[in-house]
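>>> Give me coordinates for this.
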Amino acid sequence: MPSTPGSRQVPKGTLQLVSLRPGTVFLADCPARLAIEIIAGKWAVVTLFALSDGPVRHGELVELIGGVSRKALTQTLRRLQDNGLIERRAYAEAPPRVEYSLTELGRTLEEPIRRLTEWARTNGEAVVAFQETAEQKDQ
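Numbers count the residues shown, from 1 in each chain. Sure, this is the predicted structure:
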């Protein structure tokens, strides 16, 4: 695949040439835009990360993910399930038991989420300091 100014190559068989020219980045049909829409929800990445160690029940997820309401978690789980990233498995037991786990597709996000988490650990204090400085300027 030839390289042209304002573009870059991606591994063969994954995506087509990505143009960096104005008006062409993240077009409506861009796969990157779809990925961002899926994980942009407030609780999506945290939920995926919480499922990385194996199947977890709803109540356990609420405890693992501090601050999420049961309703918000249920909505997040449904969205992730609708996009093929997690699987909901109901067991025919009394009382009923339901577990959530990553699908094979969902597991492909483990490494990017780990990298994002590392970025946050490394740069979180700098972001907070910047926010505080900007807040002080606004006052």
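
>>> Quick one: residues in contact with stretch 86-95.
Residues outside stretch 86-95 that contact it (C-beta atoms under 8 Å, 6 or more residues apart in numbering) are 47-48, 51, 55, 77, 80-81, 96-103, 106. Any C-beta I mention is one placed from the backbone N, CA and C, and that applies to glycine too.

>>> among those, which ones are buried?
In the contacts of stretch 86-95, burial by neighbour count holds for Thr47, Leu48, Leu51, Leu77, Leu80, Glu99, Tyr100, Ser101, Leu102, Gly106, counting by 16 or more other C-beta atoms under 10 Å.

>>> So for the fifth one, what's the nearest residue that isn't a sequence neighbour?
Here the nearest residue to Leu80 in space, its sequence neighbours aside, is Ile86; by C-beta to C-beta, 6 or more residues apart in numbering that works out to 4.5 Å.

>>> Quick check: the gap between the one you found and Glu37.
Separation of Ile86 from Glu37 (C-beta to C-beta, to the nearest Å): 16 Å.

>>> So those two - more neighbours on which side?
Legend: neighbour count by other C-beta atoms under 10 Å for Ile86 and Glu37, higher for Ile86 (22 against 12).

>>> on that earlier part again, among the contacts of stretch 86-95, which are in strands?
Arg97, Val98, Glu99, Tyr100, Ser101, Leu102 (DSSP state E).

>>> Closest one to Val68 out of those, please.
Using C-beta to C-beta, Tyr100 comes nearest to Val68 of those, at 13.3 Å.

>>> Can you verify my assumption that that closest one contacts Ala50?
No: applying C-beta atoms under 8 Å as the test, Tyr100 and Ala50 come out as separate, 9.1 Å apart.

>>> No further queries at this time; thank you.
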